[in-house]
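Engineer: no sequence on this one, just coordinates:
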């Protein structure tokens with residue numbers, strides 16, 4: 001049984017709650033909604049969030065560990081050398097463009113000598129810190145960026161004697177200035193790393 005005061009008390013509390021809710025709602029503007037991803041599960045709409053993928057690896061075999069080391073070594077070499085190759089491509093393409101407008105042989109040699117000095121000042125120190133392996137990768141990437149092998153570039157700008165000399169030096173270290181770049185087959189893995197670098201750093 002309700003006493004005389006209880007109905008009035010219930011009505012008062014109800015009105016107070018309604019007024020309080022209206023007051024709280026009035027404190028917010030039209031953009032107070034927070035949009036979150038949602039999913040329908042068993043008829044209910046629930047907010048959800050996708051977690052990052054977790055990879056679980058079994059213990060690697062000796063062959064797998066070797067393959068991982070080689071993969072990591074190549075990937076690191078591309079990350080280190082691709083910025084140099086990209087810059088070299090820009091420089092050599094610019095040189096080609098300017099040389100096409102200089103018919104005089106003497107002026108062409110003077111121009112090449114000037115640009116060679118610029119290249120030495122910019123690249124000599126960082127490139128001397130590269131390993132032989134990184135140097136091999138760099139030569140492939142230069143071919144990718146310029147369309148010419150390092151041998152052809154030296155032959156064109158410094159002459160066949162210089163090209164032959166540096167080819168002999170490269171041969172001593174188990175490499176070759178005549179390396180080409182095949183993005184579809186032989187160098188597909190390198191190309192994958194190049195795309196990764198470009199995507200990550202916007203190069």
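Structural biologist: Now that the structure is in, tell me what you want to look at. The model shown is predicted, which means the values in this text are computed figures rather than measured ones.

Engineer: Could you point out the helix or strand that follows the helix or strand of the chain at the bottom of the mean pLDDT ranking?
Structural biologist: Between all helices and strands in the chain, the lowest mean by mean pLDDT, DSSP states H and E belongs to helix 5-26, at a mean of 50. Later in the chain than helix 5-26, the nearest helix or strand by DSSP states H and E is strand 38-41.

Engineer: Pull the residues that contact that following strand.
Structural biologist: 45-48 (C-beta atoms under 8 Å, 6 or more residues apart in numbering). C-beta: built from backbone N, CA, C; applies to glycine.

Engineer: What's the mean pLDDT across whatever helix or strand comes next after it?
Structural biologist: Sequence order places strand 44-47 as the next helix or strand after strand 38-41, per DSSP H and E. On average, the pLDDT along strand 44-47 is 82.

Engineer: Could you do stretch 178-189 as well?
Structural biologist: pLDDT averaged over stretch 178-189 gives 92.

Engineer: Would you mark the buried spots in that stretch?
Structural biologist: By neighbour count on 16 or more other C-beta atoms under 10 Å, the buried set for stretch 178-189 is 179, 181, 187.

Engineer: Output the contacting helices and strands for the longest helix anywhere in the chain.
Structural biologist: Longest helix of the chain, by residue count under DSSP state H: helix 62-99. Counting contacts by 3 or more C-beta pairs under 8 Å, 6 or more residues apart in numbering; DSSP states H and E, helix 62-99 is packed against helix 105-128, helix 132-146, helix 188-201.
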